[in-house]
Structure formats: structure tokens, C-alpha cells
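Trainee: A predicted structure for the sequence below; I have some questions about it.
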Amino acid sequence: MVTMQDVAHRAGVSVMTVSNVVNDQPHVRAATRAKVLAAIAELGYHVNTAARSLRQGRTGVIVLAVPEIDRPYFGLLATLLIERAAARGYDLVVEQTAAARDRELDAVARSRLRSSDGLIMSAVQLHDDDVGLLHGDFPIVILGERSFTQPLDHVVMANEDGGALASRHLAERGCRRIAMLGGRTGAPHDDDLTTLRARGFLAGLVAAGLAADEGLVRSVALTFEGGYQGTIDLLAETDDIDGLFCATDVVAIGAVRALSDRGLRVPDDVRVVGFDDVPIASFLTPSLTSIAPDHAAMADAVIAMIVDRIEGSRDPHDYRTFTGAVRLVERESSRA
């Protein structure tokens, strides 16, 4: 097995210098770093991660548990978190929970067995009664809009603000009969993105001087198919919708297709706004107006929270919540 001493001998430097290069210390001169990296490549040296983990008491691995890997939003989120974790010296492993409660609980339980240094979870089914499982000496950061009354490390986005931005924007573009797909009402003690975005949507209608008709807020699966079928069902019941806010861009993409299949043009007949501003939104025909969260700031907050916990740089009882701002990005789907 090639050792660090072998690399040091080949590069003509000290073992400490090789260690500094391997651990990406910033004070190594560029020429020296290049020489050490060349020796590592020539000899085929690999870091003994098991030994390093034993010395540091850490694995260098953080788990990201998300409901679905194939959704555009979670792909974007994972990419940002992988980049930021790497910059702090950690690898990110992604696993899928399918938004199932037993799999979310399993992710927490398995992570506590110390196969990783921390867990970042986009929680869908966990609720306030589960907060005790999320406390303790194992670092856990929760993503998503599920509300908790007890403190924990939690990163959310300004969902109500986003819903209000969407409805006000549609009203400003001349829409008078505005519906929402992917929202829920009447659930004040069960907040998630569907309730929060619906609450903001209705408040925005009132602020614009329009009626807040809860009958036009429809709960649908947050999928392409859910957006499509929800739009078909909505059009079967009412034929005067001229504005549509969708709780996610994925729902909006399905809705735009359904509108087209029913002979309605976007934005001429119905203006559409989505939420998440995933990369595909700007490449659709028509391009999709969307509520854009500050993805970068949220990813920064998540990694800062989890690494601070892992490296012990924060009081164990100092739990924090970060709320990412949102803005509206106007594109063709809602332009006059």
C-alpha cells in the first residue's frame, strides 16, 4: 500500500506538507501543491478514510434525505448542497424517502447509528410530536414547510409571501377569476407548503380587491399528472378562469399542457404562475413565470447549520430557523 511517506519522498517534501495538501489547507504554495498532487497521481495514493474517521471521530459524510430524487426542485437542491458540502470538506449522500412517514423515521434512526456525521431531511410526514427524535447529540437539519412548535434547526422559505406575490401579480395583469392548484385550506394546525402558499394566495387576492374564493383552491398531487388532471377537473366545473397559480412549477407544467389540450392559450386566455423557479421554467413554451426562492442562501444556511453542529462550534441548545426570501420572476406565461 502506498503511504503518505512514499508520496513525500517522491515529491521531495515533508509528510506534513503532503498532509496539508490532502486536507486542502490553504497556505500551501501552488507549485508545491502541484508537485504533491503529481506524486499522488503517479503512485496511486488513496487517503485511508477509515483511519482518518477514527482519528477525527467523523466520517466526512452527510446524508440528504428527500421525498423524490427525480423532481426538478430536489435535483436543484441536491446540486447546491453537494457543492457547498464539498467546500466544507464533506461528501453528501442522497437517499429517497418517497414522502412516507416510516421511511423518514427510518432515515433518522439509521443516521443515528453513526454511519454518517449528520442528516439533512426534507420532511413531509414528520410532525410536532416527532421533535424529540430530532433533538440530541446527532446533527439534524430539517428542510421544508412542515411547522413545528418546538425549536430545531430548520430551513424554510417565505411561502405565504410567495403565494401573495403570485395572486397580486395575476390581478395586476388583469385577471379577475384566479384559481390555485396544489393548495389546501381549513388546516390551521397542519401547515405545510400547500397550506402556507394557499394562505398567502388568498391574502393576496384580498389585497388586490378580489374575492378570496376558497372553492377555487384545489388540492392536487404535486406532480405533472396532478397539475394536468386538476386543470381538466377545474375547467369541467368553471369556464371563466383567467388566472392560475400552481403550488409548484411541476404542477404548473402539467396545467399548461392541460390548458393547451382544452384549446386555451397561455397567456392570452389564462395566465399561469408557478413556484420554485426550477431551471426548466425558462425553457418552456411559453416560459413560466415563477416564484423564485433564494436557493443559494437557503443552501448556505443548511450547510452552515449542519457543519456547525458536526464540528461543535455552536451550543447544543441553540436551535435556529432560517427563512429564505422569495421574488417573482416574470416570463411569458403571465405577460400581457
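Mentor: It's in.

Trainee: Listing request: residues of the stretch 151-300 of the chain with sub-threshold pLDDT.
Mentor: The model of the stretch 151-300 of the chain has pLDDT under 70 over residues 187-189.

Trainee: show me where it has strands.
Mentor: Counting by DSSP state E, counting those that start in this stretch, one finds strands in the stretch 151-300 of the chain at the ranges 154-157, 178-181, 217-218, 243-246, 271-275, 289-293.

Trainee: Which of the residues in the fifth one are classified as buried?
Mentor: If you call a residue buried by 16 or more other Cβ atoms under 10 Å, then strand 271-275 has these buried ones: 271, 272, 273, 274, 275. Using the backbone N, CA and C atoms, a C-beta is placed for each residue, glycine as well.

Trainee: Remind me what it packs against, helices and strands.
Mentor: Contacts defined by 3 or more Cβ pairs under 8 Å, 6 or more residues apart in numbering; DSSP states H and E place strand 271-275 against helix 159-172, strand 243-246, helix 249-261, strand 289-293.

Trainee: Export it to CSV, keeping only CA atoms.
Mentor: Extracted in CSV, the C-alpha atoms of strand 271-275 (Å, rounded to 0.1, in the frame of the first residue of the first chain):
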residue,chain,number,x,y,z
ARG,A,271,-52.2,33.5,-17.2
VAL,A,272,-50.1,31.0,-15.2
VAL,A,273,-47.7,31.4,-12.3
GLY,A,274,-45.7,28.5,-10.7
PHE,A,275,-43.5,28.3,-7.6
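
Trainee: just the helices and strands packed on strand 271-275: most buried one?
Mentor: Comparing the helices and strands packed on strand 271-275 by mean neighbour count (mean count of other Cβ atoms under 10 Å), strand 243-246 ranks first with a mean of 32.

Trainee: List of residues touching that strand?
Mentor: 163, 166-167, 170-171, 173, 175-182, 201, 227, 231, 252, 255, 259, 270-275 (Cβ atoms under 8 Å, 6 or more residues apart in numbering).

Trainee: Within its sheet, name the partner strands of that strand and how each one runs.
Mentor: In the sheet, strand 243-246 lines up against strand 178-181 (parallel), strand 271-275 (parallel) (DSSP bridges).

Trainee: got the phi/psi numbers for the most centrally placed residue in the chain?
Mentor: The centre of the chain sits closest to residue 77, judged by Cα atoms, centre = their mean, with a distance of 4.3 Å. Residue 77 has phi and psi values of phi -60, psi -50 when expressed as degrees, to the nearest 10.

Trainee: Tell me the confidence at it?
Mentor: According to the prediction, residue 77 has pLDDT 94.

Trainee: Distance check, it against residue 235.
Mentor: 32 Å (Cβ to Cβ, to the nearest Å).

Trainee: Repeat that for residue 292.
Mentor: 28 Å.

Trainee: For the residue lying closest to residue 232 once chain neighbours are set aside, which residues are in contact?
Mentor: Of all residues beyond its chain neighbours, the one nearest residue 232 is residue 258 (5.2 Å), with distances taken as Cβ to Cβ, 6 or more residues apart in numbering. Residue 258 sits next to 227, 228, 229, 230, 231, 232, 235 when contact means Cβ under 8 Å, 6+ apart.

Trainee: Not counting its neighbours along the chain, what's nearest the fifth one?
Mentor: Once its chain neighbours are removed from consideration, residue 231 has its nearest residue in residue 258; the separation is 3.6 Å (Cβ to Cβ, 6+ apart).

Trainee: Quick one: neighbours of residue 136, just the number.
Mentor: 10 (other Cβ atoms under 10 Å).

Trainee: Actually, residue 109.
Mentor: Residue 109 has 10 nearby residues by other Cβ under 10 Å.

Trainee: Same question for residue 318.
Mentor: Counted with other Cβ under 10 Å, residue 318 comes out at 10.

Trainee: residue contacts, it?
Mentor: Not one residue lies near residue 318 by Cβ under 8 Å, 6+ apart.

Trainee: how about it, secondary structure?
Mentor: Of the three states, residue 318 takes coil according to DSSP: H, G, I helix; E, B strand; the rest coil.

Trainee: And it, its phi and psi?
Mentor: As for residue 318, its main-chain torsions (degrees, to the nearest 10) stand at phi -90, psi 80.

Trainee: Roughly how far does the residue nearest to the centre of the chain sit from residue 70?
Mentor: For residue 77, the distance to residue 70 - Cβ to Cβ - is 13 Å.
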